[in-house]
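**Student:** here's a sequence, model it:
(chains A and B)
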Amino acid sequence: MKIIKYLKLWLKTTNLSLQMRIMTRGASLMYLVGKLIRFLFFLIMLFVILGQTKTLAGYNQQQIIIFFLIFNLVDIIGQLFFRGIYFFRNEVVSGHFDLTLVKPANALFQILTVQTDLLDTPLLVIMLFLFIKQGIKITFINFLLFLLIFGASFLIITAIHIIIASIGVITTEVDNAIWIYRDLSLMAKVPVDIYIDWIRSMFTFILPIAVIFTFPAKALLGILSWQWIIYSLIISVILFYISLKFWHFALTRYTSASS
Amino acid sequence: MKTLSLKSLPAKMLAKKYLQIVKISWTNTLVYRLSFILWRLESIILFLGTYLFWLAVYHNSAQISSYNKTTMLTYIIGILILRNLVFSSRINQAAEDIASGGLNKYLVKPMEYFHWLIGIDLGDKIAQLFFLFFELIAIFLIFKPPFFIQTNIAYLIYFLISSSFSILIYFYLSLIISLTTFWYPEHNGWPQRFLFDTMIIFLSGGWFPLDILPLPIYRFLSLLPSTYLRFFPLKIYLGQLELKEIIKGLILMFLWIIILRRLTNFIWQKGLKTFTAVGI
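**Tutor:** Purely as a prediction, here's the structure:
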């Protein structure tokens, strides 16, 4: 029952987001073109570099493109569902968060999903086309593993957004925190294996950018060992649990100052 | 709508007035300290992303196009410096002023609006460069990057001239984008800003030197003003241009400044005629 209620709520907010996008067609078009250009430019850069080096940290051109496409897929899914975080600061500063808290739905769900970024969907189609064009053979087992790691990745993304929302409740600082996460995640456009040791370790054990973006691609390519699969599942559950605890702690610090 | 003439004011008074604007901008930049610290951290993360990527690329390759590891990593550090010098800007405030109708309060004040923008822009650049200085020290201590030090004074002078021109070109380009808000005020001008920022990063050589692209593309990009915002000054610093190429580039930059200045004034005058301060 609860799932149906939240599904209806999500469809409602998604519908409203779509209406807002249609209302400002010109703005939506500019955002969309900007996103496509950014995607295209990075792809050009990869082709130019790999055209000269042939490989990057042992990965060939096709593999690097797969990593880049999976990075975009994971990133877009995060953007699609949790766009609301970008508007959360205003809620806290203006005192509107009080109204969210008294509504008969989970406050976290409301703030994270208040907006759905539908502008990324055309990019999803382009990515799918490029992915098929790569012509790589994926076994059924690898596909299942990919779904499993993708689930873990999504759980970590959710946890990060919850932690940032919690920081927002305590400090009213959200915008820069979310951009720091976004900037860090940009480093995973390519497999994190290419970076120097301590950066790679940091992205695996402290800020699990590798688990979020690199591991799903590795699972799909069939090059992720079972130890890392187990690690991904464990770290995602732990992080999600910690983020919920932190959120509940943050709520006890909410001062409702502006209302 | 016209601003009051400032020609009658003594130069000393004018200087004092605009120095005050710079001070206001500096204070504004630092007023939300946590936000500012996180913004600086974000800037460093962006730099590290590009730096570490290129470090990895050179792990197996000694040379890419005309760049060895040292010159490429110097170029990447140069991007960080020019990002703070050229691209740190408060010009997007003009878009917000126009969209919100807040421009009115500047139009009735005894000062030129563009001078106000230059003042706050300057204050912001000083603040960003001040903190960049310490960040660079940290980067050099932690990462010990190979860095090419240009010892030829002539190249350094040309680099400084071209960087100054870059600041002006970016100022006018960015201002033109903000002024489009007169006609398209949705989201306070952010859609056009997003599109502009996305394109300018790549087209200015913010990810890699533009001359590693295929020659016809590079030749085309050389005609655009964006190429001269980062790529051209850094190419001079690295000593990879001949004197006649430098002079040709500087002349082109100067022409772009004149064209963009005239275009800015034209758009400003046209925009003011349509401005209704609807947000007030």
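**Student:** get me the contact residues on chain B for chain A.
**Tutor:** Neighbours of chain A within chain B, by C-beta under 8 Å from any C-beta of the partner chain: B:34-35, B:38-39, B:41-42, B:45-46, B:48-49, B:52-53, B:55-57, B:59-61, B:64-65, B:184, B:186-187, B:190-192, B:194-195, B:198-199, B:201-202, B:207-208, B:212-213. (Each C-beta comes from the backbone N, C-alpha and C, glycine too.)
**Student:** make a ChimeraX selection of whichever of those residues turn out to be buried.
**Tutor:** Of the residues of chain B next to chain A, the buried ones go into a single ChimeraX selection, burial set by 16 or more other C-beta atoms under 10 Å in any protein chain shown:
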select /B:35,38,39,41,42,45,46,48,49,52,53,55,56,57,61,64,184,186,187,190,191,192,194,195,198,199,201,202,207,208,212,213
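**Student:** just give me the residue right at the centre of chain A.
**Tutor:** When chain A is reduced to its mean C-alpha position, the nearest residue by C-alpha atoms, centre = their mean turns out to be residue A:78, at 3.0 Å.
**Student:** skipping its backbone neighbours, what lies nearest it in space?
**Tutor:** residue A:157 (4.5 Å; C-beta to C-beta, 6 or more residues apart in numbering or on different chains).
**Student:** ok, that neighbour touching residue A:80?
**Tutor:** No: the criterion here is C-beta atoms under 8 Å, and residue A:157 misses it with residue A:80 at 10.8 Å.
**Student:** the two - which one has more neighbours?
**Tutor:** Per other C-beta atoms under 10 Å in any protein chain shown, whichever of residue A:157 and residue A:80 has more neighbours is residue A:157, with 23 against 18.
**Student:** just the helices in the stretch 1-150 of chain A please.
**Tutor:** Ranges of helices within the stretch 1-150 of chain A are A:2-23, A:25-53, A:61-82, A:88-94, A:97-102, A:107-113, A:121-134, A:140-171, based on DSSP state H, counting those that start in this stretch.
**Student:** do you know which of those helices lies nearest residue B:221?
**Tutor:** Residue B:221 lies closest, by C-beta to C-beta, to one member of the helices of the stretch 1-150 of chain A: helix A:25-53, at 12.0 Å.
**Student:** where does pLDDT dip in the chain?
**Tutor:** Using chain A here. Residue ranges of chain A with pLDDT under 70: A:1, A:257-259.
**Student:** let's do chain B instead
**Tutor:** Across chain B, the ranges flagged by pLDDT under 70 are B:1-10, B:279-280.
**Student:** distance check, residue A:108 against residue A:124.
**Tutor:** 25 Å (C-beta to C-beta, to the nearest Å).
**Student:** those two: which is more packed in?
**Tutor:** Neighbour count, other C-beta under 10 Å: between residue A:108 and residue A:124, residue A:108 has more, with 20 against 14.
**Student:** my read: the more buried one touches residue A:250, true?
**Tutor:** No: taking C-beta under 8 Å as the definition, residue A:108 is not a contact partner of residue A:250, at 10.4 Å.
**Student:** list residues touching both of these two?
**Tutor:** Residues touching both residue A:108 and residue A:250 (C-beta atoms under 8 Å, 6 or more residues apart in numbering or on different chains) are residue A:165.
**Student:** distance between the ends of stretch B:224-231?
**Tutor:** 12 Å (C-alpha to C-alpha, to the nearest Å).
**Student:** which residues touch it?
**Tutor:** By C-beta under 8 Å, 6+ apart, the list of residues contacting stretch B:224-231 from outside reads B:78-79, B:82-83, B:86-87, B:162, B:165-166, B:169-170, B:173, B:199-200, B:203-206, B:209-211, B:221, B:249, B:252-253, B:256, B:260.
**Student:** please apply the same query to stretch A:105-113.
**Tutor:** A:5-6, A:9-10, A:13, A:81-82, A:84-85, A:88, A:91, A:97, A:100-101, A:103, A:158, A:161-162, A:165, A:247, A:251.
**Student:** what of stretch B:129-146?
**Tutor:** If you take C-beta under 8 Å, 6+ apart as the criterion, stretch B:129-146 is touched by B:40, B:43-44, B:47, B:51, B:69-70, B:73-74, B:77, B:80-81, B:84-85, B:88, B:147.
**Student:** pick out whichever of the residues you listed sits closest to residue B:272.
**Tutor:** residue B:88 (27.3 Å).
**Student:** quick one: that closest one and residue B:122 touch, right?
**Tutor:** No: taking contacts as C-beta under 8 Å, residue B:88 lies outside contact range of residue B:122: 10.4 Å.
**Student:** which residues are in contact with the residue in the stretch 151-280 of chain B positioned nearest to chain A?
**Tutor:** Of all residues in the stretch 151-280 of chain B, residue B:191 sits closest to chain A, at 3.8 Å by C-beta to the nearest C-beta. Residues counted as contacts of residue B:191 (C-beta under 8 Å, 6+ apart) are A:24, A:26, A:27, A:28, A:30, A:31, A:34, B:184.
**Student:** now the strands for the stretch 51-200 of chain B?
**Tutor:** For the stretch 51-200 of chain B, the strands defined by DSSP state E, counting those that start in this stretch occupy B:63-64, B:67-68.
**Student:** among these, which comes closest to residue B:238?
**Tutor:** Evaluated over the strands of the stretch 51-200 of chain B, closeness to residue B:238 peaks at strand B:67-68, with 8.4 Å, by C-beta to C-beta.
**Student:** paired strands for that closest one, with orientation please.
**Tutor:** The pairing partners recorded for strand B:67-68 under DSSP bridges are strand B:63-64 (antiparallel).
**Student:** buried stuff in the helix or strand harbouring residue B:216?
**Tutor:** Assessed by DSSP states H and E, residue B:216 sits inside helix B:215-221. Across helix B:215-221, burial judged by 16+ other C-beta under 10 Å covers residue B:221.
**Student:** with just CA atoms, put that helix into CSV.
**Tutor:** Taking Å, rounded to 0.1, in the frame of the first residue of the first chain, the C-alpha atoms of helix B:215-221 are listed here in CSV:
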residue,chain,number,x,y,z
LEU,B,215,43.8,20.9,-37.8
PRO,B,216,40.7,22.1,-39.6
ILE,B,217,38.7,22.2,-36.3
TYR,B,218,41.6,24.0,-34.6
ARG,B,219,41.9,26.5,-37.4
PHE,B,220,38.2,27.3,-37.2
LEU,B,221,38.4,27.6,-33.4
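**Student:** what packs against it?
**Tutor:** Counting contacts by 3 or more C-beta pairs under 8 Å, 6 or more residues apart in numbering or on different chains; DSSP states H and E, helix B:215-221 is packed against no other helix or strand.
**Student:** just the residues contacting it, thanks.
**Tutor:** Residues from elsewhere that reach helix B:215-221 (C-beta under 8 Å, 6+ apart): B:203, B:210, B:211, B:213, B:227.
**Student:** list buried residues within these.
**Tutor:** Of the contacts of helix B:215-221, these count as buried by 16+ other C-beta under 10 Å: B:203, B:210, B:211, B:213, B:227.
**Student:** tell me which of those fall in helices.
**Tutor:** Taking DSSP state H, the ones among the buried ones among the contacts of helix B:215-221 that sit in helices are residue B:203.
**Student:** reformat the buried ones among the contacts of helix B:215-221 as TSV; add distance to residue A:42.
**Tutor:** Formatted as TSV, the buried ones among the contacts of helix B:215-221 follow (distance: C-beta to C-beta, whole Å):
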residue	distance to residue A:42
B:203	14
B:210	15
B:211	19
B:213	14
B:227	19
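**Student:** and the furthest pair within the buried ones among the contacts of helix B:215-221?
**Tutor:** Maximum distance among the buried ones among the contacts of helix B:215-221 (C-beta to C-beta): 13.3 Å, for B:203 and B:211.
**Student:** circling back to that earlier point, now, among the contacts of stretch B:129-146, which is nearest to residue A:184?
**Tutor:** Set against residue A:184, the nearest of these by C-beta to C-beta is residue B:44 (11.1 Å).
**Student:** OK, contacts around the closest residue to residue B:253 other than its chain neighbours?
**Tutor:** Closest residue in space to residue B:253, ignoring its immediate chain neighbours: residue B:165 at 4.2 Å, by C-beta to C-beta, 6+ apart. Counting by C-beta under 8 Å, 6+ apart, residue B:165 touches B:228, B:250, B:253, B:254, B:257.
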